[in-house]
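K.L.:
Please find the sequence and the predicted model below.
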2 protein chains.
Amino acid sequence: MGTSERKAKEKEEIKTLILNAAKKLFVKKGIDQVTIRKIAEEIEYSVGTVYVYFRDKNDILHELHTQGFGHLGGAMRILNNVSDPMERLKALGRVYLQFAMDNPDMYDLMFNMKAPMDFLESMHKEEWNEGKATFDVLLKNVAQCIQKGHFEGHQLEPLSFVIWSTVHGMCSLHISQRVKGVNLENPDSMMGKAYEEFVTLIDKK
Amino acid sequence: MGTSERKAKEKEEIKTLILNAAKKLFVKKGIDQVTIRKIAEEIEYSVGTVYVYFRDKNDILHELHTQGFGHLGGAMRILNNVSDPMERLKALGRVYLQFAMDNPDMYDLMFNMKAPMDFLESMHKEEWNEGKATFDVLLKNVAQCIQKGHFEGHQLEPLSFVIWSTVHGMCSLHISQRVKGVNLENPDSMMGKAYEEFVTLIDKK
DNA sequence: AAATATAAATGAACAGTGTTCAATAATCCA
DNA sequence: TGGATTATTGAACACTGTTCATTTATATTT
């Protein structure tokens, strides 16, 4: 029967409609302005309709967070053509940093906010596939570095986590306005300079 | 006139009363349960009274955040008896990490949440004294390490920021449930192991 | 084509949030 | 004691996420 097929497609279309409206509000006005009522108004549907297609707000935010990982993943994939693993690792960090600086709200949603993780828990899924996949790229990259003789005396998993933590920490402190708050000498160039320090650190034999 | 003095003291007492109630709710039930109405109920005053003593909720959360820095500062000060700056630096990180693990909500308020920084901005204070003072402890410590010949080829400020970022990043990812999410081999011992990796990293000549 | 069954959309209602402010109560001082 | 000052109140406002009986629209069957 072709009717149910068409219906399923229409359902997907409205889901996309809602998500696009949510994303539009998110990008243009920030996370605070992403409310169910504003989304409904944007797509010219009623509030109740939103709840027909999404179980709750966390569901919507989780979907947006997944979209964010899509973009970050795409930016990271470009670095596949960098053959030297150590160079690729350094470039990976730069891409990650740039993504966070360019999309602070999205980064916050992906790596800080409770909503996406709360949604997973409410679905009884303890697997955070987006995060796992992204971390896996880093993990495999570090593994190749170790194979080439770098990071002697280090353990793969904890080391990868520390590297992630370092770059994430920089992004997080920047986005939460804490970098600005400590009044460093040169706030604008600080992120770049700091990343250079990080590179120097991991380059040591 | 002694009456106005007493009045000023009484005002301070009620401010403390409100803050203690806020902290009680914060520690016991988490940040979501810190509402003006719950605070008012706790101290058996009306909602309006809270707004006589605090300009808004951000004001209260900023005060709590300052208390948190008091505790963290106290824990850090204990390490003054460690003479070797490099050893002190490593211990500093451990104290910082422990504080975050023991008081995740408070850490979140101090280093992640918008409320305290929004309050500063609303008061037209661009100085984040609590953060500056804490970062200064790290900065001075790293300076001593450099003086002793460590961290050759590094710049003091960016390096200190990277060190802060690394430990903060670990705390942040842990608190936001992202560490749990990536499903590492040994989630419980990960934080400790990762910090060991960090120590190994900064110990390299 | 009409009647029935299914699915989709609605929006008022509920319980909660931070914040304000005219009205009330309490205190102080002359 | 009476007037001025200060403290306290709580209803009201504009929001928030979420639910659900009711209505509208579509699809299927007679």
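P.N.:
Noted; the coordinates are in hand. Numbering: from 1, shown residues only, chains lettered A, B, ... in the order given.
K.L.:
gap between residue A:136 and DNA strand C?
P.N.:
Look at residue A:136 and DNA strand C: by Cβ to the nearest atom of the strand, to the nearest Å, they are 37 Å apart. In this view, the C-beta of every residue, glycine as well, is placed from N, C-alpha and C.
K.L.:
Ignore what I typed, I meant residue A:167.
P.N.:
Distance of residue A:167 to DNA strand C, given as Cβ to the nearest atom of the strand: 34 Å.
K.L.:
Just the element for that residue, please.
P.N.:
helix A:156-175 (DSSP states H and E).
K.L.:
Output the contacting helices and strands for that helix.
P.N.:
Applying 3 or more Cβ pairs under 8 Å, 6 or more residues apart in numbering or on different chains; DSSP states H and E, one finds that helix A:156-175 contacts helix A:85-102, helix A:104-111, helix A:129-147, helix A:187-203, helix B:156-175, helix B:187-203.
K.L.:
got the CA coordinates for the helix or strand following that helix in CSV?
P.N.:
Using DSSP H and E, the helix or strand that follows helix A:156-175 in sequence is helix A:178-181. Listed next in CSV are the C-alpha coordinates belonging to helix A:178-181 (Å, rounded to 0.1, in the frame of the first residue of the first chain):
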residue,chain,number,x,y,z
ARG,A,178,36.1,32.2,31.9
VAL,A,179,39.1,33.0,29.7
LYS,A,180,37.8,36.6,29.3
GLY,A,181,37.3,36.6,33.0
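K.L.:
Stretch A:8-17 vs DNA strand D: in contact?
P.N.:
No - if you take Cβ under 7 Å from any atom of the strand as the test, stretch A:8-17 misses DNA strand D, and the best it gets is 8.2 Å.
K.L.:
Please save the CA atoms from that stretch in PDB.
P.N.:
The C-alpha trace of stretch A:8-17 is given here as PDB (Å, rounded to 0.1, in the frame of the first residue of the first chain):
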ATOM      1  CA  ALA A   8       5.700   8.000   6.600                       C
ATOM      2  CA  LYS A   9       7.400  10.500   4.300                       C
ATOM      3  CA  GLU A  10       5.100  13.300   5.300                       C
ATOM      4  CA  LYS A  11       5.800  12.500   8.900                       C
ATOM      5  CA  GLU A  12       9.500  12.800   8.300                       C
ATOM      6  CA  GLU A  13       8.900  16.000   6.500                       C
ATOM      7  CA  ILE A  14       7.200  17.600   9.400                       C
ATOM      8  CA  LYS A  15      10.000  16.300  11.700                       C
ATOM      9  CA  THR A  16      12.500  18.000   9.500                       C
ATOM     10  CA  LEU A  17      10.300  21.100   9.500                       C
END
